[in-house]
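Student: could you look at this predicted model? Sequence included:
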Amino acid sequence: MTNIQLTSTINEDNTLTLALQDIPMPQPSADEVVIRIEAAPLNPSDLGVLFSAANISTATQSGSKQNPVITADVPNKFMPALKNRIGKTMPVGNEGAGTVVAAGSSPAAQALMGKTVAVIGGGTYRQYHCANIQSCLILKEGTTAKEGASSFVNPLTALAMVETMRAEGHKAIIHAAAASNLGQMLNRICIADGVDLINIVRKPEQETLLRDMGAKYVVNSSSNTFIADLTAAAIDTGATIAFDPIGGGQLTSDILNCMEAAAARNAGEYSVYGTDTFKQVYIYGALNRGPITLNRNFGFAWGINGFLLFNALGKLGSETVATMRKRVADEITTTFASHYTHEVSFTEALTLHSIESYSQQATGKKYLITPHK
């Protein structure tokens, strides 16, 4: 039996190489299983490892049809930050799903034999993946690998946002780029849990999409009335926490200013230091890689932090995370359903046409890799 994985390498000559690599079949230890990966999503976090800081517009394709190789230039200014990656062939893929075809000697590992499971932990863009049983989620009987492929990154991130809101004493959420796959999940969670959610989008069709899903608060950042609309929604909901996957630009600043304006409506007295209502924005992506611009009209009671899934889960605790995982397994075809517009093999994923499409991270264009296609 053979095993193939998709890899990404930063080279000393300021280039990125994407290629397929033959690797040995894994041998599981006592608490490990070998999963025949049948479906693995291409998430934005995967693209960060896959492409790193390369300029994808410079990509060229070589190799053969069976073993394509993609090469792209990495701007010199980014190379110092990538020094620890230079020359290292990195496996790609944060999550996936498939059938357990081999198991270690422990009873817990043996119990997974033949089961369809989702898995997280890195390197899932391969045909056979070895993982600790703690990294696996048993899918309900009848759930396919395709349905369970995105069981971790988006579902747990969306749930972690709601649980973080609760843990930090907030009562409503603002979410940017809200028409994304993750955003749609968060919308469904908040509707089911009775949590007010303000969805920020940038296109009229995205407004329609979310409103048709039952969203109450949808504001368009491209509208001339965006600031007024966001402030009105913040007044109505009392939202004081936001999650932003865009990162660069002034959206974080706009959100803080609107939350402050909403808080000031109920402030008893004016203060040169702003209100004492604490406002928090978590940045969990980098759709805009430019600098974050802050226009300081939001007082002094505020915070801006990064939001990384594994760090967030660590803060929430094992009992809460276990409950979250069970909910994902129970609702993977409803609340946490993912929809894919393209299914590609390894070789199809390494074509210029496919890369040009999925590197744009466009709403409504989610790719699924099927390693055995």
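Tutor: Good, I have the coordinates.
Student: residues near Thr17, how many?
Tutor: 16 (other C-beta atoms under 10 Å). All C-beta spots, glycine's among them, are computed from the backbone N, C-alpha and C.
Student: residue contacts, the residue lying closest to Asn297 once chain neighbours are set aside?
Tutor: Spatial nearest neighbour of Asn297, chain neighbours left out: Asn257 (4.9 Å); criterion: C-beta to C-beta, 6 or more residues apart in numbering. Neighbouring residues of Asn257 by C-beta atoms under 8 Å, 6 or more residues apart in numbering: Ile227, Asn295, Asn297, Phe298.
Student: tell me which element the third one falls in.
Tutor: So that's Asn297. If you go by DSSP states H and E, Asn297 is not part of any helix or strand.
Student: before we move on, back to that, kindly reformat the contacts of Asn257 as a markdown table containing neighbour count, distance to Lys315 and pLDDT.
Tutor: Listed next are those as a markdown table, based on neighbours: other C-beta atoms under 10 Å; distance: C-beta to C-beta, whole Å; pLDDT from 0 to 100:
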| residue | neighbour count | distance to Lys315 | pLDDT |
| --- | --- | --- | --- |
| Ile227 | 15 | 32 | 98 |
| Asn295 | 10 | 30 | 95 |
| Asn297 | 12 | 30 | 92 |
| Phe298 | 24 | 25 | 95 |
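Student: looking at the residues you listed, which is nearest Thr89?
Tutor: Asn295 (43.6 Å; C-beta to C-beta).
Student: circling back: would you turn the contacts of Asn257 into TSV with distance to Asp13?
Tutor: Conversion of the contacts of Asn257 to TSV gives the following (distance: C-beta to C-beta, whole Å):
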residue	distance to Asp13
Ile227	47
Asn295	41
Asn297	47
Phe298	45
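Student: hmm, which two among these are most spread apart?
Tutor: The widest separation within these (C-beta to C-beta) is 12.6 Å, between Ile227 and Phe298.
Student: wasn't the residue nearest to Asn297 part of a strand?
Tutor: No - secondary structure of Asn257, determined by DSSP: H, G, I helix; E, B strand; the rest coil: helix, with no strand assignment.
Student: and the strands in the stretch 251-373 of the chain, which stretches?
Tutor: Secondary structure of the stretch 251-373 of the chain, counting by DSSP state E, counting those that start in this stretch: strands at 279-283, 288-292, 302-306, 342-344, 367-369.
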